[in-house]
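A.B. asks: with the sequence up front, the predicted model follows.
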Amino acid sequence: MCALAHGINFFYFNEDMVNLKAKTIKGWFWNVDKCRYVQKETPYPDIVDFTRRSELEKTQLISELRKHCIFTWHHLGGKSTIYSVLENAGFLDYLVESHEFNDCSIDDIYTLLQKHKTLIIKPTDSSLGRGVRKLRYENERYYLHYRHEETEYNRVEFQKYLDDKLRTKKFLIQEYIQSVSNSGSPFDLRVNVRRSKGGKWSSIEMFTRNGHPDGVISNLAAGGYSVAHGLEYFLRFEFGDDEAKRIHDEAMTIARTLPAKFQEGYSTPFVHLGIDLVINRTKNNEIKILELNSNPIACTIEHIAAEDKVWCYKWLASGAEEPE
């Protein structure tokens, strides 16, 4: 309805409704007279708001649609690429120390463990918290936490695990940031930023994501939960009034300054970014940027999100010139 109010011919469709040979889609359109959706065939649209995060993105269907349509979602690249863009954008001080896992020998990993005590190992090209492991070293034994279970290894066993399970894929190894609540559960701050009228980054929402006490991460897909409306109370409960305000204000500053600078590292325009922030309780509650993604889960009230999306459609259709 919001799209119709702006004069945009909006319709829904899925992959089964696309005819690649005819270059048409049998989509669902809202019929004002009948007050319901009706299905009809139409040429490819100017803009596709791609909302599904799945293997579908890698299919021939999406590749073909991208040749003819503007997409609202684009892949940011692997985690190493994202960190490089963030560094060039001036956010080096906010980055977690990271290394390409396959460039690290077991001695390099041991050196990092001596420095940081605990490390995180994550796939460079995965999302939703899949494949994340936590590694610590104690009394000449390696302890690997994965999928709510911790396994103990001696040096020979751990070397074999590295070669058999991890060396075959690309991983990133990072300093573990102890961003945990008073109850011992991992948590982070998710800051969603979205373009609105004229392509300006003007819509911001922030909420906490809390994981299970025996979990490695706070990702919702890994069984965590979000706290959207109690953010201020959560921060005050965890850190006290003054520190809660400082953390909130710094997170908002990141939200206001990062998107435009980050966009400069890419030729395709993004309309939505999710910024995951962690708070290091062992280093004076220092804020670090853990992840970025371009199709984040939002908690925004639906009609507000719809209004922003429609303004983005119009901005993309007009040529997506960056606002001053």
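C.D. replies: Yes, it's here.

A.B. asks: now Arg281. Nearest residue, chain neighbours left out?
C.D. replies: Closest residue to Arg281 apart from its sequence neighbours, by CB to CB, 6 or more residues apart in numbering: Gln178 at 5.3 Å. Bear in mind the C-beta positions are built from the backbone N, C-alpha and C, glycine included.

A.B. asks: for the one you found, give its distance to Ala260.
C.D. replies: Distance from Gln178 to Ala260, counting by CB to CB, to the nearest Å: 31 Å.

A.B. asks: check which element follows the helix or strand bottoming out on mean pLDDT in the chain along the chain.
C.D. replies: Every helix and strand of the chain was ranked by mean pLDDT, DSSP states H and E. The lowest is strand 225-227, at a mean of 57. Note on strand 225-227: by DSSP states H and E, the next helix or strand toward the C-terminus is helix 231-239.

A.B. asks: so which elements touch the helix or strand just after that next one?
C.D. replies: Downstream of helix 231-239, the next assigned helix or strand under DSSP H and E is helix 241-263. If contacts are counted by 3 or more CB pairs under 8 Å, 6 or more residues apart in numbering; DSSP states H and E, helix 241-263 sits against helix 79-88, strand 187-195, strand 201-210, helix 231-239, strand 272-280, strand 286-293.

A.B. asks: what angle do the shortest one and strand 272-280 make?
C.D. replies: Computed with axes from the mean of the first three to the mean of the last three CA atoms, to 10 degrees, the direction of strand 286-293 lies at 150 degrees from that of strand 272-280.

A.B. asks: CA-only coordinates of the helix or strand that strand 286-293 is followed by in CSV, if you can.
C.D. replies: Next helix or strand after strand 286-293 toward the C-terminus (DSSP H and E): helix 302-317. Output of helix 302-317 as CSV, limited to C-alpha atoms (Å, rounded to 0.1, in the frame of the first residue of the first chain):
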residue,chain,number,x,y,z
GLU,A,302,6.7,-2.5,9.6
HIS,A,303,5.1,0.7,8.2
ILE,A,304,8.2,2.8,9.0
ALA,A,305,10.4,0.2,7.2
ALA,A,306,8.1,0.2,4.2
GLU,A,307,8.2,4.0,3.9
ASP,A,308,12.0,3.9,3.9
LYS,A,309,12.1,1.1,1.3
VAL,A,310,9.8,3.0,-1.1
TRP,A,311,12.0,6.1,-0.9
CYS,A,312,15.0,3.8,-1.6
TYR,A,313,13.2,2.3,-4.7
LYS,A,314,12.7,5.8,-6.0
TRP,A,315,16.3,6.8,-5.3
LEU,A,316,17.7,3.7,-7.1
ALA,A,317,15.4,4.2,-10.1
